[in-house]
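3D model of this:
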Amino acid sequence: MTLDTRVYVHDEVDVHELFAECRRLLGADESHRSFDGPSRWSSHRDSWTISNDLGQGLPALLAIDYRPGAPLRPDGDACSAYCDPEDDRHYHQSAMWCEVSFDTAYGYADSRGGCGALHARLVFDLGQWLDERGVAWSWRNEFDGEVHGGDERYVRLRDLADDGQEAMRWFKGIVEPAIAARLRAGEEGSR
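Take a look at the predicted model:
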């Protein structure tokens, strides 16, 4: 189980500079491998992904979906691949140049908190970097699905940190003990 926080970059930005900044925020250096090419997993048609490779010890997986030289989603009123106008929960993502994903296990913890606190710091620091360049952005809280832009985008980071703590307590209190019990039962059954 992971926390996947999305940052929507609405204005044009150099995606490779953005990726370098996100890597810096994660503590990545030249030894951390990455991929840049046609997307294998994106929900956006004909998109590319630039991402860190898995299993390198970084605090979050990083992926940016984009289109070379064009907006990832040019029309916020157009239906996406998962759009169903007949559905009561019909929703259109906003127009964006690219989409950043930070993805971290619920059980993650460092000296400053869990996955929610990490993502709140990442979004805050990346937001500052984008603001310094005059680039509009918003972010989506995976816990409640709400997208925060404008004046509330920094204020609502507190929700992300709080919800992350709750997710970590759930993971540590329910999921980990259930996995441990299942493993013990499997070991006893194989004897």
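
where does this structure have low pLDDT?
42-45, 76-85, 87-92, 162-180, 186-191 (pLDDT under 70).

Quick one: the helices in it, in order.
15-26, 115-132, 152-155, 157-170, 176-189 (DSSP state H).

Show me the one of those that comes nearest residue 97.
helix 15-26 (8.0 Å; C-beta to C-beta). (Each C-beta comes from the backbone N, C-alpha and C, glycine too.)

so who does residue 39 touch?
47-49, 65 (C-beta atoms under 8 Å, 6 or more residues apart in numbering).

can you list those residues in CSV and add distance to residue 39 and neighbour count?
Below are the contacts of residue 39 laid out as CSV (distance: C-beta to C-beta, whole Å; neighbours: other C-beta atoms under 10 Å):
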residue, distance to residue 39, neighbour count
47, 5, 20
48, 6, 19
49, 4, 20
65, 6, 23
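
For residue 5, find the nearest of the helices of the chain.
Here helix 115-132 is closest among the helices of the chain (C-beta to C-beta), at 4.3 Å.

Please point out which parts of the closest one sit buried.
Neighbour counts over helix 115-132 (16 or more other C-beta atoms under 10 Å) mark 115-124, 126-127, 129-130 as buried.

now do stretch 107-114
108-109, 113-114.

Among these, which ones are in strands?
Members of these lying in strands (criterion: DSSP state E): 109, 113-114.

Make JSON lines out of these and add distance to residue 72.
Below are these laid out as JSON lines (distance: C-beta to C-beta, whole Å):
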{"residue": "109", "distance to residue 72": "32"}
{"residue": "113", "distance to residue 72": "31"}
{"residue": "114", "distance to residue 72": "30"}
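
contacting residues around the nearest residue to residue 5 once chain neighbours are set aside?
Counting by C-beta to C-beta, 6 or more residues apart in numbering, residue 119 is the residue found nearest to residue 5 once chain neighbours are left out, at 4.3 Å. The contact partners of residue 119, by C-beta under 8 Å, 6+ apart, come to 3, 5, 60, 102, 104, 160, 164.

Make JSON lines from the buried residues of stretch 107-114 and add distance to residue 137 to it.
Output for the buried residues of stretch 107-114, formatted as JSON lines (distance: C-beta to C-beta, whole Å):
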{"residue": "108", "distance to residue 137": "24"}
{"residue": "109", "distance to residue 137": "27"}
{"residue": "113", "distance to residue 137": "23"}
{"residue": "114", "distance to residue 137": "24"}
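
of all these, which comes closest to residue 150?
Nearest to residue 150 among the buried residues of stretch 107-114, with distances taken as C-beta to C-beta, is residue 113, at 25.7 Å.
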